[in-house]
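1. sequence unknown, structure follows:
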């Protein structure tokens, strides 16, 4: 089996059919499979998956509800997968035509790869205007190591097993942590530019705000964890002072419409989430 596509899901009844349709239409001459790992859905997600099992013979379902979080679901999916390489995608996105073949091709040359995202198909224009500027796409730069999201990520099985899979204690940014641990072990993160995913943002201001806050909070834990293995200290008190001043100025000078207000709110959520994370995880900036 060349590739196992692993899809974690939780209460994804509104979106998972679109992802499974996109996977069902993939054209690939190599043997591959789909493993959907359900993290304890209480809606119709499981029933929808089982309907697609009749249409997609290489689709398998596995229950992954013993522990909360997509990291656990991905690890459970990987534990039963048969492929020599894994490709991770999410239940609320849609892979583009040729995604599976592009992942197989990239993973024949590299140990860890990230595909690219497209935003216009699944999102309203105002959401794209507010969010796309801050979202990563493919291999994202960082002062420590580059990283990529697990919504479009490929890895060789041996590398996944080498680092012990995703950190199940992290309920957010576990994909960044995963990429960093693999690179700390001496591997590199490369781009699979032809592996395209149509990415879906949260579609409410509250949902976007909560996501940004949660990411910022776990960003502190991420930094604290990796400083123990050589990461320089990047979250400093001077940065909080600078960001507070910038936020105040932007609010006064740049907030003029809904889009600019939402962008400001997302920046504020990141700032406040960082402060909350420092308190929660006892991190001294």
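-> Cool, the structure landed. It should be emphasised that the depicted structure is a prediction, and the values quoted were computed from it without experimental measurement.
2. Helices along this protein, start to end?
-> With DSSP state H, the ranges of helices along the chain come out as 16-24, 45-53, 70-80, 99-107, 125-131, 157-162, 174-184, 205-227, 237-253, 258-280.
3. will you turn these into a markdown table that also has mean neighbour count, mean pLDDT and distance to residue 117?
-> Yep, even glycine has a C-beta here, placed from its N, CA and C like the rest. Shown next, in a markdown table, are those (neighbours: other C-beta atoms under 10 Å; pLDDT from 0 to 100; distance: least, C-beta to C-beta, whole Å):
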| stretch | mean neighbour count | mean pLDDT | distance to residue 117 |
| --- | --- | --- | --- |
| helix 16-24 | 19 | 98 | 14 |
| helix 45-53 | 17 | 96 | 23 |
| helix 70-80 | 23 | 98 | 17 |
| helix 99-107 | 23 | 98 | 12 |
| helix 125-131 | 17 | 88 | 11 |
| helix 157-162 | 16 | 98 | 22 |
| helix 174-184 | 22 | 98 | 13 |
| helix 205-227 | 19 | 97 | 15 |
| helix 237-253 | 12 | 95 | 26 |
| helix 258-280 | 18 | 95 | 17 |
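4. Out of those, the one nearest residue 149 is which?
-> Evaluated over the helices of the chain, closeness to residue 149 peaks at helix 174-184, with 5.3 Å, by C-beta to C-beta.
5. Who are the packing partners of the closest one?
-> On a contact count with 3 or more C-beta pairs under 8 Å, 6 or more residues apart in numbering; DSSP states H and E, helix 174-184 meets strand 112-118, strand 152-156, strand 189-198, helix 205-227.
6. And the contacts of it?
-> Helix 174-184 is contacted by residues 69-71, 111-112, 144-151, 153, 155, 159, 162-163, 165-168, 170, 189, 222, 225-226, 229-231 when judged by C-beta atoms under 8 Å, 6 or more residues apart in numbering.
7. and the angle for that helix with strand 112-118?
-> 140 degrees (axes from the mean of the first three to the mean of the last three C-alpha atoms, to 10 degrees).
8. quick check, distance from helix 174-184 to the centre of its chain.
-> In terms of C-alpha atoms, centre = their mean, to the nearest Å, the centre of helix 174-184 is set 12 Å apart from its chain centre.
9. Distance check, the residue nearest to residue 272 when sequence neighbours are not counted against residue 284.
-> Ranked by C-beta to C-beta, 6 or more residues apart in numbering and with sequence neighbours excluded, the top spatial neighbour of residue 272 is residue 213, at 6.4 Å. Distance, residue 213 to residue 284, by C-beta to C-beta, to the nearest Å: 21 Å.
10. give me the low-pLDDT residue ranges for the stretch 1-150 of the chain?
-> Filtered on pLDDT under 70, the stretch 1-150 of the chain yields the residue ranges 132-137.
11. Hmm, residue 264 is touching residue 253, no?
-> No: in this structure, residue 264 is not within contact of residue 253 by C-beta atoms under 8 Å, at 10.5 Å.
12. just the buried members of the contacts of helix 174-184?
-> Among these, those classed as buried by neighbour count (16 or more other C-beta atoms under 10 Å) are 69-71, 111-112, 144-151, 153, 155, 159, 162-163, 165-168, 170, 189, 222, 225-226, 231.
13. wait, the residue nearest to residue 272 sits on residue 276?
-> Yes: contact criterion C-beta under 8 Å: residue 213 and residue 276 qualify, at 7.4 Å.
14. out of the helices of the chain, nearest to residue 92?
-> helix 16-24 (7.3 Å).
15. so what does the closest one touch, helix or strand wise?
-> Packing partners of helix 16-24 (3+ C-beta pairs under 8 Å, 6+ apart): strand 3-9, strand 32-38, helix 45-53, strand 94-95.
16. residues in contact with it?
-> 5, 7, 9, 34, 36, 45, 48-49, 52, 55-56, 59, 89-96, 99-100.
17. Please repeat the previous calculation with a cut-off of 10 Å.
-> 5, 7, 9, 12, 32, 34, 36, 38, 41, 43-46, 48-49, 51-53, 55-56, 58-59, 89-97, 99-100, 122, 197-198, 200 (C-beta atoms under 10 Å, 6 or more residues apart in numbering).
18. Report the buried members of the residues you listed.
-> Among the contacts of helix 16-24, those classed as buried by 16+ other C-beta under 10 Å are 5, 7, 9, 12, 32, 34, 36, 38, 41, 45-46, 48-49, 52, 56, 58-59, 89-96, 99-100, 122, 197-198, 200.
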